[in-house]
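1. here's a sequence, model it:
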Amino acid sequence: MFVGESVTVNHSSGSRWYWPNCAVHSDNPLNYTNTLEAYYPSYNIGGDLGTDEVIVLKYDWGGGVYYEKFFYSRRWGWFRWESYGQGSLQNVVQFNHISGRAPVFPTAACVAFPSPCTRTNTSCGGTWSCSGRQCFTQPPGQGECQDGFPWCYGGCCCACT
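-> Here you go, the predicted structure:
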């Protein structure tokens with residue numbers, strides 16, 4: 001992308017939100033525009049990260065009234081988030097310190113699994129079997145799936161057997 005270039009997404013299935021008791025709260029369409037707002041060849045990130053090439057991506061989900069900005073470093077990835085309402089800055093979060101702590105992976109309190117939880121894939125050379133547990137990353141993080149189910153497919157933990 002070039003600075004100023006945008007990509008617009010309009011998708012009716014969007015996201016599903018849940019109440020704490022796991023009842024469905026709402027289904028929301030996914031409509032937004034991403035614009036590459038800026039490129040900085042030498043940006044002082046601060047903290048422990050120093051200076052690096054940086055891009056700023058504007059995520060406009062509120063028709064120019066509500067939007068967010070994501071700052072990405074070539075070396076460090078996402079390091080800053082800003083939210084805007086009515087055109088003015090509302091919140092800023094900066095991730096610019098190195099920590100020895102292990103990453104935290106999401107867990108789901110409410111899980112609706114696809115049915116059936118199966119996969120056919122010619123690259124397997126065998127049969128895909130799926131556990132029915134939900135996974136979030138490819139491959140799943142430690143503890144997301146039972147031993148022996150190292151891949152995500154359709155939200156399920158699967159293995160080639």
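2. could you list the low-pLDDT ranges of the protein?
-> 20-21, 103-125, 132-144, 153-155 (pLDDT under 70).
3. how about 90 then?
-> Scanning the chain for pLDDT under 90 picks out the ranges 1, 9-31, 61-64, 86-87, 98-161.
4. strands of that one, start to end?
-> 6-18, 24-46, 50-60, 66-73, 77-85, 88-94, 128-134, 151-153, 156-160 (DSSP state E).
5. report the beta-bridge partners for N34.
-> Counting by DSSP bridges, N34 forms beta bridges with V7, Y59.
6. how about it, what does it touch?
-> Applying C-beta atoms under 8 Å, 6 or more residues apart in numbering to N34 gives the contacts 6-7, 9, 57-60. From N, CA and C alone the C-beta is placed, and that goes for glycine too.
7. let's go with 6 Å and repeat that
-> Going by C-beta atoms under 6 Å, 6 or more residues apart in numbering, N34 touches 7, 57, 59.
8. just W78 next, same as before
-> Y72.
9. again, but for the one 5 residues further on
-> The neighbourhood of S83, defined by C-beta under 6 Å, 6+ apart, consists of 68, 90-91.
10. same question for W19.
-> Residues near W19 by C-beta under 6 Å, 6+ apart: H25.
11. for it, give its distance to N28.
-> 14 Å (C-beta to C-beta, to the nearest Å).
12. buried sites along stretch 62-77?
-> 67-71, 73, 76 (16 or more other C-beta atoms under 10 Å).
13. could you work out the end-to-end span of it for me?
-> End-to-end distance of stretch 62-77 (C-alpha to C-alpha, to the nearest Å): 25 Å.
14. how about residues contacting that stretch?
-> Under the contact criterion C-beta under 6 Å, 6+ apart, stretch 62-77 has outside partners 45, 49, 52-60, 78-85.
15. again, but for stretch 41-58
-> 34-35, 37-40, 67, 69-76, 79, 96-98.
16. please repeat the previous calculation with a cut-off of 7 Å.
-> Identification of contacts with stretch 41-58 by C-beta atoms under 7 Å, 6 or more residues apart in numbering yields 34-40, 67, 69-76, 79, 96-98.
17. export the contacts of S83 to a markdown table and tack on distance to S129?
-> Shown next, in a markdown table, are the contacts of S83 (distance: C-beta to C-beta, whole Å):
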| residue | distance to S129 |
| --- | --- |
| E68 | 40 |
| Q90 | 47 |
| N91 | 44 |
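18. so V92 bridges to which residues?
-> Going by DSSP bridges, V92 forms beta bridges with E82.
19. and it, how many neighbours?
-> 10 (other C-beta atoms under 10 Å).
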